[in-house]
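Enquirer: A structural model of the following input is requested.
(one chain, ligands or ions: 3)
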Amino acid sequence: MSSTRSYAAQSATSPLAPWTIKRRSPKPHDVQIDILYCGVCHSDLHTVRNEWGNAVYPLVPGHEIVGRVTAVGDHVTKFKVGDTAGVGCLVDSCRECDNCKDGLEQYCDTGAVFTYGGAERDGSGITQGGYSKSIVAHEDFVLHISDKLPLEGVAPLLCAGITTYSPLRHWKVGKGQKVGVLGLGGLGHMGVKLAVSMGAEVTMLSHSPSKAADAKRLGAHKFILTSDAEQAKSVMGYFDFILDTVSVEHDYNFYLGMLRTNGVMVCVGAPPVPAQIPVFNLIFGRKSLAGSLIGGLPETQEMLDYCAEHNIVSDVEVIAIKDINEAYERMLKGDVRYRFVIDMATL
Ligand code: NAP
Ligand code: ZN
Ligand code: ZN
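Expert: Ligands and ions are numbered 1, 2, ... in the order given. Have a look, this model is predicted:
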């Protein structure tokens, strides 16, 4: 066991503050990583404030982790000391169910172990995330990171990247398709970059007029201000695919109206409130409303390699960890271009 500095929430209403946690000594298949950068996901904020009702305290959030390998267990074959490595949203699963065998560990039949707030399968405790100096994980849940790209820009790929890449791949988004990305935040800006790189015609659907220029810079072909009735009308019945990344309650029916016949809207944004959807909004036009959770380990590695090959990283604002509570407030106001990433040297 070793002691590791971290930032934790002690309750749903307390700010994140310094705290010391224990990390296990590497077991035969474990990789120990010194964390260099950790991205700040809106899921961290939902969880810290217990908006989904499943938080366990004390809680060290953070699941967009990149760092350097400092030790490996005797049986580790995939990593060596000095390698650049990443950990995303998952640190364990059963490896035996059909989902695990298919590389869909996030949907493990017995429940995947999430990087923070998850119950360790051996009963040894609750997992703690990446707002900390180091982490230890089984090599099967550690990703190879190319040194070609700036590491602070790579960190958000471990959640925002894979969460948008996976549905784009699953629904075979590409050339000839009209894609709407709803919400220009951490996930949304990765969704735009990835969908553009896959050849789709991409429209940014945003409620923030100030983001129009950025959307174009990120590669979006069009920008629709969703609060402007005329602009919204111009894309009714228009999209083959909408990726919804919005973090707060919003009217799904309005956006279902923007799908053409056979169109698909995939929710990745996870507001804490249930959606109200009259089925006729799906029946007319044979539309599909779907969801998608992060991505499995093989696809996460595929996405990291894809981003290295296509020079895709997140647009980040690097912060010191002491500023994390202010960063949460700014994220709530949509004041982030487009992902906060903590420089762990400041811890
Ligand atoms: P974020 O950076 O805060 O972005 C959320 C975006 O939602 C904002 O940038 C904003 O875009 C839009 N939005 C905010 N308030 C709004 C309002 N009042 N009305 C309409 N739109 C509003 O958050 P994120 O880190 O990208 O995460 C987004 C959501 O995805 C969160 O709920 C998070 O928990 C969830 N998530 C899900 C998965 C998964 O596996 N499914 C993985 C990671 C995260 P505009 O200003 O452009 O409108
Ligand atoms: Zn996340
Ligand atoms: Zn499983």
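Enquirer: where's the closest residue in space to Gly291 that isn't next to it in sequence relative to Cys89, distance?
Expert: Distance criterion CB to CB, 6 or more residues apart in numbering; nearest residue to Gly291, sequence neighbours excluded, is Cys267 at 4.8 Å. C-betas here are computed from N, CA, C, even on glycine. Going from Cys267 to Cys89 by CB to CB, to the nearest Å gives 17 Å.
Enquirer: who has more neighbours, the two?
Expert: Taking neighbours as other CB atoms under 10 Å, Cys267 and Cys89 compare with Cys89 leading, 26 against 20.
Enquirer: Give me the neighbour count for the residue lying closest to the more buried one once chain neighbours are set aside.
Expert: Closest residue to Cys89 in three dimensions, ignoring its sequence neighbours and counting by CB to CB, 6+ apart: His63, at 4.3 Å. The number of residues packed near His63 is 27, by other CB under 10 Å.
Enquirer: One more: Val235?
Expert: Neighbours around Val235, by other CB under 10 Å: 20.
Enquirer: Walking through the stretch 201-347 of the chain, point out its strands one by one.
Expert: 201-206, 222-225, 239-244, 259-267, 288-291, 316-319, 339-343 (DSSP state E, counting those that start in this stretch).
Enquirer: Tell me the pLDDT of Thr245.
Expert: The model reports Thr245 with a pLDDT of 98.
Enquirer: Quick one: residues contacting it.
Expert: When contacts are counted by CB atoms under 8 Å, 6 or more residues apart in numbering, Thr245 touches 164, 181-183, 185, 187-188, 191, 268-269.
Enquirer: between those residues, which has the most around it?
Expert: Neighbour max across these (other CB under 10 Å) = Gly191, 34 neighbours.
Enquirer: and that residue, that's in a helix?
Expert: Yes. Counting by DSSP: H, G, I helix; E, B strand; the rest coil, Gly191 is found in a helix.
Enquirer: Could you measure from the residue nearest to Thr20 when sequence neighbours are not counted over to Asp251?
Expert: Closest residue to Thr20 apart from its sequence neighbours, by CB to CB, 6+ apart: Ser3 at 5.3 Å. For Ser3, the distance to Asp251 (CB to CB) stands at 48 Å.
Enquirer: and if you look at Asp92?
Expert: Relative to Asp251, and taking CB to CB, Asp92 is found at 38 Å.
Enquirer: The stretch 51-200 of the chain against ligand 3: which residues are in contact?
Expert: The stretch 51-200 of the chain has residues 93-94, 97, 100, 108 near ligand 3, with proximity defined as CB under 5 Å from the ion.
Enquirer: Which strands border the strand or helix carrying Arg68, and is each parallel or antiparallel?
Expert: If you go by DSSP states H and E, Arg68 is part of strand 65-72. Here strand 65-72 is paired, per DSSP bridges, with strand 30-39 (antiparallel), strand 84-87 (antiparallel).
Enquirer: How about the residues of the stretch 51-200 of the chain by ligand 1?
Expert: Contact residues, the stretch 51-200 of the chain versus ligand 1 (CB under 6 Å from any ligand atom): 159, 163, 183-188.
Enquirer: Just send these back as JSON lines, with pLDDT and secondary structure too.
Expert: Putting these into JSON lines (pLDDT from 0 to 100; DSSP: H, G, I helix; E, B strand; the rest coil) gives the following:
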{"residue": "Cys159", "pLDDT": "98", "secondary structure": "coil"}
{"residue": "Thr163", "pLDDT": "98", "secondary structure": "helix"}
{"residue": "Gly183", "pLDDT": "98", "secondary structure": "coil"}
{"residue": "Leu184", "pLDDT": "98", "secondary structure": "coil"}
{"residue": "Gly185", "pLDDT": "98", "secondary structure": "coil"}
{"residue": "Gly186", "pLDDT": "98", "secondary structure": "helix"}
{"residue": "Leu187", "pLDDT": "98", "secondary structure": "helix"}
{"residue": "Gly188", "pLDDT": "98", "secondary structure": "helix"}
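Enquirer: what's the closest of these to ligand 1?
Expert: Gly185 (1.9 Å; CB to the nearest ligand atom).
Enquirer: Now do the contacts for the closest one.
Expert: Contact analysis of Gly185 by CB under 8 Å, 6+ apart lists 42, 245, 247, 331, 334, 336, 338.
Enquirer: neighbours around the fifth one, how many?
Expert: As a burial measure, Gly334 scores 17 neighbours (other CB under 10 Å).
Enquirer: repeat for the first one
Expert: For His42, the neighbour count with other CB under 10 Å is 25.
Enquirer: okay, now Pro278: neighbour count?
Expert: Neighbours of Pro278 using other CB under 10 Å come to 9.
Enquirer: so what's it scoring on pLDDT?
Expert: The predicted local confidence for Pro278 is 97.
Enquirer: State the distance from it to Glu249.
Expert: From Pro278 to Glu249 the distance is 17 Å (CB to CB).
Enquirer: and the gap between Arg24 and Ser14?
Expert: 26 Å.
Enquirer: ok, Asp92 and Asp251, which is more surrounded?
Expert: Comparing Asp92 with Asp251 by other CB under 10 Å, the one with more neighbours is Asp92, at 22 against 12.
Enquirer: Excluding residues flanking it in the chain, which one is nearest the more buried one?
Expert: Closest to Asp92 by CB to CB, 6+ apart is Val113, at 3.8 Å.
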